[in-house]
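Sequence and predicted model, in that order:
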Amino acid sequence: MKTLILDFDGTLGDSRSLIVDTMQATMAELGLPVCEAGKCAGMIGLPLRESFMRLIPMDDETGKRCEAVYTKLFMKNNVPGTVSMFPGVGETIMRLHSMGYTVTIASSRGRDSLVGFVSEMGLEPYVSHIVSANDVEHSKPSPDMVLKILELTGTSKENALVVGDALYDIQMAHNAGVKACGVTYGNGTLEELADADYIIDSFDRLADVLE
């Protein structure tokens, strides 16, 4: 393996509460049925509009309104320090970078917030490429993000590994012909990660997988 393609929400950053609370507040503001937290968390990793449209039957126009209100509320709720790194993330990324691995991030969240989180967490020096939902035509589980990173880094499929916490990450990797490593501490269930090539319980175990 040469290139690591890391998910953000639920893999690097513990953003579950922020995302779920903002989703529920969006539903309430628009007078929609407020889904319970577990169902909202199950959508993390998908593009915003698709998440709302899967949770509640609605037309595309209502989906766009959900997306707009969510973005407004997210900017208000996302104060510095709200999202923290999971244990071992920072140290492991620094270690793998020093060992010569190319570290990249592929996330379905918008580019501005993604870049902001990476900067706030001090990961900028170690991450060579960030691909967000804004940078591809189709987000997860489409292979677009992975294929873009392979192109940007000049990496072959057999030399890349996707690491994520959700079913959509595993599907994205395999749709691109790349191996996937699931993490069990995020938003996905062990059942959803069953098709991953590797499964780890903490981010620092990623080094063991690579070795």
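Right, received. Where do you want to start?

When you work out contacts or count neighbours from here on, use the C-alpha atoms and nothing else.
Noted.

State the distance from the residue lying farthest from the centre of the chain to Leu73.
Computed with C-alpha atoms, centre = their mean, the residue of the chain farthest from its C-alpha average is Gly31, at 28.0 Å. Applying C-alpha to C-alpha, to the nearest Å, the value for Gly31 to Leu73 is 15 Å.

Strictly from the record, what residue spans define the domains of this protein?
As assigned by automatic domain parsing, the chain contains the domains 3-14+83-210, 16-77.

JSON lines please, covering the ones you listed and showing mean pLDDT.
Output for the domains of the chain, formatted as JSON lines (pLDDT from 0 to 100):
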{"stretch": "domain 3-14+83-210", "mean pLDDT": "96"}
{"stretch": "domain 16-77", "mean pLDDT": "95"}
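
Quick check: buried residues in the helix or strand harbouring Leu18?
Assigned by DSSP states H and E, Leu18 belongs to helix 16-29. By neighbour count on 16 or more other C-alpha atoms under 10 Å, the buried set for helix 16-29 is Arg16, Ile19, Val20, Asp21, Thr22, Met23, Gln24, Ala25, Thr26, Met27.

who touches whichever strand or helix holds Lys72?
For Lys72, the element it lies in under DSSP H and E is helix 60-77. With C-alpha atoms under 8 Å, 6 or more residues apart in numbering as the test, helix 60-77 has contacts from 18-19, 22-23, 25-27, 30, 48-50, 52-53.
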